[in-house]
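1. Need coordinates for the following:
(one chain, ligands or ions: 1)
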Amino acid sequence: MIVAVDGPAAAGKGTLACRLAERLGFAYMDTGLLYRAVGLAVLRRGVSPGNGEAVVEAAHGVHAAALADPMLRSEIVGHIASQVAVIPAVRAILLTCQRSFARYPPEGTGGAVMDGRDVGTVVCPHAECKLFVTANLAVRAKRRVNELRERGMPAIESQVLAKMHERDRRDQERAIALLRPAEDAFILDTSEMNADVALSMALAYVAPKVSSRMSLHARDQGCRSERS
Ligand code: DC
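-> The predicted model follows:
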């Protein structure tokens, strides 16, 4: 079973997706981290994010261990990630890895919760649950500033807001896999909500779908063992 959680930066989707996965006993994948890992590799190699060939080469060199690098969470890496994410060949490389996680989540989990920009539209268009988590730009910028300051990083709100606006535009206007809600997504605007309220709203949408899927699965298993 797949739960897709898409939305713009700092809308609260990461926290929400992680908590949902915990509550459901599902595996969690932050797909943005993959794009960030390519962004960081590009930064370290001193390559321009606009140099498609060099970026693709960097993307091929990214391994699982790179996903633990604390630099991945920096603002600069987020911006480069959004730039490399417009390159179709980069998206194709990362798509394989995302789909295989969704299809074969780690053993012992009941499914996967995947957060990103295009999970419900491109990566897993057949996901059983699709959430599109959003919030207005000013609220998102404020949240990002607080997050950065909590991590001891300096942050100027007007600059964070301008950069976030630029990133939203690039993510929404790129030629492929653009950031937009799937037609069948449940839209959750968290502008006026704290994380607990957002979680209960999301669970109210997801939980009935999970239990009906689980009971169907249990019924199928029952039929199979009766037949054997
Ligand atoms: O979710 P994030 O802020 O960590 O993502 C960083 C960038 O990666 C984002 O601006 C666009 C890109 N991205 C993407 O294009 N598709 C995804 N599924 C996830 C992230």
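
2. Contacts only, for Arg149.
-> Ala155 (C-beta atoms under 8 Å, 6 or more residues apart in numbering). (Each C-beta comes from the backbone N, C-alpha and C, glycine too.)

3. Then Thr31?
-> Contact partners of Thr31, counting by C-beta under 8 Å, 6+ apart, are Leu94, Gln98, Met114, Asp115, Gly116, Arg117, Val119, Val123.

4. which bits of this protein sit near the ligand?
-> Counting by C-beta under 6 Å from any ligand atom, the residues of the chain close to the ligand are 9, 31-32, 35-36, 78, 81-82, 85, 116-119, 167, 171.

5. Which ones among these lie within helices?
-> The helices, defined by DSSP state H, take in Thr31, Gly32, Tyr35, Arg36, Gly78, Ala81, Ser82, Arg167, Asp171 from the residues of the chain next to the ligand.

6. any chance of the residues you listed in JSON lines, plus pLDDT?
-> Listed next are these as JSON lines, based on pLDDT from 0 to 100:
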{"residue": "Thr31", "pLDDT": "97"}
{"residue": "Gly32", "pLDDT": "96"}
{"residue": "Tyr35", "pLDDT": "97"}
{"residue": "Arg36", "pLDDT": "97"}
{"residue": "Gly78", "pLDDT": "93"}
{"residue": "Ala81", "pLDDT": "97"}
{"residue": "Ser82", "pLDDT": "95"}
{"residue": "Arg167", "pLDDT": "93"}
{"residue": "Asp171", "pLDDT": "93"}
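
7. Understood, closing this out.
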